[in-house]
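Engineer: can't give you the sequence, but here's the structure:
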C-alpha cells in the first residue's frame, strides 16, 4: 500500500466542540502504539472525531455495551488476545462498531480479519491521514459486517473479468503466499506473477491489497 507521511511542521488544531444537535463520533483505540501520542487525538479532533484509549482488548470488550457510537482502531502489536479472537468477540459484543486493523503484514491474517468483519486492514507504517480515511470509509459502510459474507454480484462480476490464470494467482495471494512461492507452485517466473497481480488490480478496480482481498472474499474465493 502507499505509505503516507504527515509533516511534523503541521500543528494540530484543538479538538472542536461537537455540535449541539449531533453526538460526537468516537474513535476507540486499542493497543494503538503508532497513534499513542496526544497529537493524534488532537489531529483527529480537528477532523471531527473524539478518541478514547482502552488499556487492553479485554477492557474494550468488557465496555462494549456502553461504548459511544463510532469506530474501533486495533493495533495488532498491542492487544493481549490474538487479533482474530478479539475481532470475533467484538463482532458479537459491539456489532455496530466497525473495526479498522493496522499493523497487519500477513495476508492470510488480513483475509481472516476481513472474514470476521474488519472494515479495513492496513500495513505498517501508517500515516494519520490514512487512518482517518479508513475510519471515514468504515463509518460510511455502516454496521459491523457478519463473518458470513454473502457473494456480491458486483465483486463476482469484477472477478469474472480475470483469466483462469489470474484467478489462480488471486487465490494464491489470498492464501498469503509470496510471489516467489506462487511462481514456484504455478510454474511461472516471479516477474510473470507480478504482471498478473498488476493486471488483477487493474481489472478488479482494487486500489489496495486490502481492497483486493475484500473483493475476493465477497466473490466467494
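Structural biologist: That came through, no problem. Since we're looking at a predicted model, the values are computed, not measured.
Engineer: what is the rounded mean pLDDT of stretch 98-118?
Structural biologist: Per-region confidence: stretch 98-118 scores 78 on mean pLDDT.
Engineer: please begin residue numbering at 749 from this point
Structural biologist: All set: I'll call the first residue 749, so the last point we hit is now stretch 846-866.
Engineer: gap between that stretch and the chain center?
Structural biologist: Relative to its chain's centre, stretch 846-866 lies at 6 Å (C-alpha atoms, centre = their mean, to the nearest Å).
Engineer: in it, which residues are buried?
Structural biologist: 846-852, 855, 857-866 (16 or more other C-beta atoms under 10 Å). Any C-beta I mention is one placed from the backbone N, CA and C, and that applies to glycine too.
Engineer: in helices only, show me those residues.
Structural biologist: 855, 857, 858, 859, 860, 861, 862, 863 (DSSP state H).
Engineer: the second one against residue 924, yeah?
Structural biologist: Yes: the pair residue 857 and residue 924 passes the contact test of C-beta atoms under 8 Å, sitting 7.5 Å apart.
Engineer: surely residue 804 meets residue 778?
Structural biologist: Yes: between residue 804 and residue 778 there is a contact under C-beta under 8 Å: 7.4 Å.
Engineer: so between these two, which is more surrounded?
Structural biologist: residue 778 (25 against 15; other C-beta atoms under 10 Å).
Engineer: show the pLDDT at the more buried one.
Structural biologist: 81.
Engineer: show me where pLDDT drops low in this protein?
Structural biologist: 749-772, 780-786, 825-829, 831, 852-853, 890-899 (pLDDT under 70).
Engineer: against residue 880, how distant is the residue of it positioned farthest from its centre?
Structural biologist: Distance from the C-alpha centroid of the chain peaks at residue 935, with 31.9 Å (C-alpha atoms, centre = their mean). According to C-beta to C-beta, to the nearest Å, residue 935 and residue 880 sit 43 Å apart.
Engineer: now do residue 910
Structural biologist: Counting by C-beta to C-beta, the gap from residue 910 to residue 880 is 32 Å.
Engineer: got it, and residue 790?
Structural biologist: On the measure of C-beta to C-beta, residue 790 and residue 880 end up 13 Å apart.
Engineer: what about residue 917, neighbour count?
Structural biologist: 26.
Engineer: any idea which element it lies in?
Structural biologist: Applying DSSP states H and E as the criterion places residue 917 in helix 912-922.
Engineer: what is the next helix or strand along the chain from that helix packed up against?
Structural biologist: Once the chain leaves helix 912-922, the next helix or strand it forms, by DSSP H and E, is helix 927-934. Counting by 3 or more C-beta pairs under 8 Å, 6 or more residues apart in numbering; DSSP states H and E, the packing neighbours recorded for helix 927-934 are helix 912-922, helix 938-952.
Engineer: and residue 872, which of the three is it?
Structural biologist: Assigned with DSSP: H, G, I helix; E, B strand; the rest coil, residue 872 falls in the coil class.
Engineer: these two touch, right, it and residue 878?
Structural biologist: No: Residue 872 is not in contact with residue 878 according to C-beta under 8 Å; the separation is 10.7 Å.
Engineer: which one's more surrounded, these two?
Structural biologist: Between residue 872 and residue 878, residue 878 has the larger neighbour count (other C-beta under 10 Å), namely 22 against 14.
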